[in-house]
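> Sequence plus predicted model, see below.
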Amino acid sequence: MDPAGGCPHAVNARLLAEGAVAPVVLPGEIEGVAVLGHDALRDFLTHPDVAKGPQHFAALAEGRIPEGWPLRTFAVLPGMMTADGADHRRLRTLVSSAFTARRVEELRPRVESVTACLLDGLAEAAREGDGVADLRRHYALPLPLGVICELLGVDPAHQGRLHHLSSLIVATDTEPAQAVAANRELVELLGSIAADKAAAPGDDLTSALIAARDEGGDRLSQPELIGTLLLMIVAGHETTLNLVTNAVRALCAHRDQLALVVEGRADWADVVEETLRWDSPVSYFPFRYPTRDLTVDGTLIPRGTPVLAGYSAAGRDTKAHGPDADRFDITRATTVKHLSLGHGPHYCLGAPLARLEAAIALEALFTRFPDLDLAVPEAELTRHSGFVGNSVRALPVRPGV
């Protein structure tokens, strides 16, 4: 795996042509596996002999994963992401009520209000930039980051630092010393935020989690509290940030598809779902581990092997999505659901919120700026750092203000 990332689709197509499962080498010469095929990945994500707990990671147990390993947080972060069974259900239950379809729909007016303000900011940035503004920085980032921080009761003053530290953690090319320092600072910052909330609780999710921690003694430990906050902040904005960015890129490159939704022959939810499938915001997500030697689509995966979920590859698997799987088509008629937000017990809790934010953001953007287009050719955009996230670092656009 290339720690610097890059566009995954050409490599994915080559690997898929060879099979649904591929051996990979992770940073530090750690042997792993990527499950790429749609059907194989769907089945693997729900297999009873596949776990998330770090105790199942053979190389970690053997002491071969150093402190500064760029993917270490994905393996050892206390909380939902590395919990199984009853522990996972306990932790998920504590936050799931905040992300029900009804609770998310109640956020619609707030998301619309934030979006309107951000569009004004995007227009102003374009006027100051000779007609060009970075849509990722001025629009796709502050919307989901602001909403998740508001849900958690996090002071807006912390948002910039939280995103910076999050981006270092999810990047796979972060230097070891920098990765250790970023993890330490992020844990300290979240601990400080939690301490402030414990001293002065509010009507927010962080205060509710602290109450759950204090309520039963063993309902939520301090490391689990910090791990849950970290997961919700990182996953609560990085995925939607990439989703909105990728959708805008796709629509600018496929004006016929944009015309369909503008003319009412498709809707913005169709754009969101097709973007999730065609250009998944997460490319290869770490980790799951077979708890016994497991054969997946004819390939043996030894017990304790770290396995990547190849969402970007599964989204363009022709065996699942047809021979034109590499074509962006918001009217695509298919009975096969994409896996880009996960599948099974660890399905993304924030999926309803991500879908709501993305649909509102896209409709508002192209309603306000119908002629918006990229300011540079797609080929000149710099890709995301690492192979976990799938997007570009900046998206210069001309809104046409």
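Now that the structure is in, tell me what you want to look at.
> quick one, helices of the stretch 1-150 of the chain?
Remark: helices assigned in the stretch 1-150 of the chain by DSSP state H, counting those that start in this stretch are 9-18, 38-45, 58-61, 72-76, 85-96, 101-105, 108-128, 135, 142-152.
> From Thr295, how far off is Lys52?
Distance of Lys52 to Thr295, computed by Cβ to Cβ, to the nearest Å: 20 Å. Quick note: C-beta positions are derived from backbone N, CA and C, even for glycine.
> more neighbours, the two?
It is Lys52, of Lys52 and Thr295, that has more neighbours when counted by other Cβ atoms under 10 Å, with 22 against 10.
> and the more buried one, backbone torsions?
The phi and psi torsions at Lys52 (degrees, to the nearest 10) take the values phi -110, psi -20.
> Please apply the same query to Phe369.
Main-chain torsions, Phe369, degrees, to the nearest 10: phi -130, psi 70.
> Give me the pLDDT for the nearest residue to Gly191 once chain neighbours are set aside.
Excluding the flanking residues, the one nearest Gly191 by Cβ to Cβ, 6 or more residues apart in numbering is Ile226, at 6.0 Å. According to the prediction, Ile226 has pLDDT 91.
> For the helices of the stretch 1-150 of the chain, could you give me a markdown table that also reports mean neighbour count, mean pLDDT and distance to Arg219?
Compiled in a markdown table, these are given as follows (neighbours: other Cβ atoms under 10 Å; pLDDT from 0 to 100; distance: least, Cβ to Cβ, whole Å):
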| stretch | mean neighbour count | mean pLDDT | distance to Arg219 |
| --- | --- | --- | --- |
| helix 9-18 | 15 | 95 | 41 |
| helix 38-45 | 21 | 98 | 27 |
| helix 58-61 | 17 | 97 | 27 |
| helix 72-76 | 21 | 93 | 21 |
| helix 85-96 | 16 | 90 | 7 |
| helix 101-105 | 13 | 88 | 21 |
| helix 108-128 | 16 | 96 | 29 |
| helix 135 | 27 | 98 | 41 |
| helix 142-152 | 22 | 93 | 18 |
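> what about those, which gets the closest to Val392?
Val392 sits nearest to helix 135 of all the helices of the stretch 1-150 of the chain, at 10.2 Å, using Cβ to Cβ.
> Outside of that closest one itself, list whatever touches it.
With Cβ atoms under 8 Å, 6 or more residues apart in numbering as the test, helix 135 has contacts from Leu122, Thr245, Val248, Leu395, Pro396, Val397.
> Can you flag which of those residues belong to helices?
Leu122, Thr245, Val248 (DSSP state H).
> which of these lies closest to Cys7?
Using Cβ to Cβ, Thr245 comes nearest to Cys7 of the ones in helices among the contacts of helix 135, at 13.5 Å.
> check contacts around that closest one.
Listed by Cβ under 8 Å, 6+ apart, the contact partners of Thr245 are Leu135, Arg136, Ala140, Ser391, Val392, Leu395.
> Check it and give its pLDDT.
If you check Thr245, the pLDDT there is 98.
> Equivalent analysis for Val234, please.
Confidence for Val234, expressed as pLDDT, is 89.
> which residues in the stretch 201-350 of the chain form helices?
Under the criterion DSSP H, counting those that start in this stretch, helices of the stretch 201-350 of the chain are mapped to 205-216, 222-253, 255-262, 268-278, 311-314, 318-321.
> now, of the ones you listed, which is deepest in the fold?
helix 311-314 (a mean of 27; mean count of other Cβ atoms under 10 Å).
> Give the other helices and strands that that one contacts.
Helix 311-314 sits against helix 9-18, helix 38-45, strand 284-290, with contacts defined as 3 or more Cβ pairs under 8 Å, 6 or more residues apart in numbering; DSSP states H and E.
> residues touching Arg42, list them.
Ala314, Leu339, His343.
> State the distance from the first one to Arg103.
Which is Ala314. From Ala314 to Arg103 the distance is 29 Å (Cβ to Cβ).
> likewise Arg255?
Using Cβ to Cβ, Arg255 is found at 36 Å from Arg103.
> top of the contacts of Thr245 by neighbour count?
The residue in the contacts of Thr245 with the most neighbours, by other Cβ under 10 Å, is Ala140 (29 neighbours).
> Contacts only, for that one.
By Cβ under 8 Å, 6+ apart, the contact set of Ala140 is Thr240, Leu241, Val244, Thr245, Val248, Ala361, Leu395.
> So for it, what's the nearest residue that isn't a sequence neighbour?
Counting by Cβ to Cβ, 6+ apart, Val244 is the residue found nearest to Ala140 once chain neighbours are left out, at 4.0 Å.
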